[in-house]
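In: below is the structure, and that's it, no one-letter string:
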């Protein structure tokens, strides 16, 4: 089964900093990768799908890149409202059809 | 607009069956190329995909839960349901239902419902 590994598990950065989260698949998944943002007590929110396509309404400071096994989510200028946990999810057809990474908690210094 | 709402008991006894329903509005669950998913999140932990059912009625489950899970559809009420048998404390979690599009991820989510497994 495909495993999804995110790094780091948590990070702390200053407002305005550039932040990058990495997601690695144990085998190639093409560009079948989504990124979600989850704030405490809330349901996750879809940010990016197809590895790099921004969901409607998501600020342009969020950018996704990668294909195959290595992916990144970058926040170009961290804002206080970006404090959340971020998850990657693969959704190609290889079993299991869906799998989340373990999450990356982003905090502001 | 599309809305999803989970419902069901908030407390289940160990060894019993957890049953939840997701009521969908704004779209028919039996039309379109959609998957209707259940995802859970134990307290303080990450997201875990449980499984989904396609609008055609075919279901797929995570291998770790496959022996205990059934997801079904009630087209007349525009609902889909989760049954998880033989529950233990490890099944205590917030359970989310969500719409899943094959090339676009989970775009609509319910608010989640906390289910505790305890005697």
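Out: Everything's here; your move. This one's a predicted model, so the numbers in the text were calculated from it and none came from an experiment.
In: report pLDDT for residue 59.
Out: Going with chain A. Per-residue confidence for residue A:59 comes out at a pLDDT of 97.
In: should've been chain B
Out: 96.
In: report the contact partners of it.
Out: Residue B:59 is in contact with B:51, B:52, B:53, B:70, B:71, B:72, counting by CB atoms under 8 Å, 6 or more residues apart in numbering or on different chains. Where you see a C-beta, it was placed from the backbone N, CA and C, and this is true even at glycine.
In: over to residue B:17?
Out: B:83, B:84, B:85, B:86, B:87.
In: recalculate using a threshold of 7 Å.
Out: Residues in contact with residue B:17 (CB atoms under 7 Å, 6 or more residues apart in numbering or on different chains) are B:83, B:84, B:85.
In: ditto for residue B:46
Out: Contacts here follow CB under 7 Å, 6+ apart; on that basis residue B:46 touches A:87, A:100, A:102, A:103.
In: of the residues you listed, which ones also sit close to chain B?
Out: Filtering the contacts of residue B:46 for proximity to chain B by CB under 7 Å from any CB of the partner chain leaves A:87, A:100, A:102, A:103.
In: nearest to residue B:91 among these?
Out: Lowest distance from residue B:91 to the ones next to chain B among the contacts of residue B:46 (CB to CB) belongs to residue A:100, with 17.2 Å.
In: hang on, the earlier thing: closest to chain A out of the contacts of residue B:59?
Out: Distance to chain A, by CB to the nearest CB, is smallest for residue B:52 among the contacts of residue B:59, at 7.2 Å.
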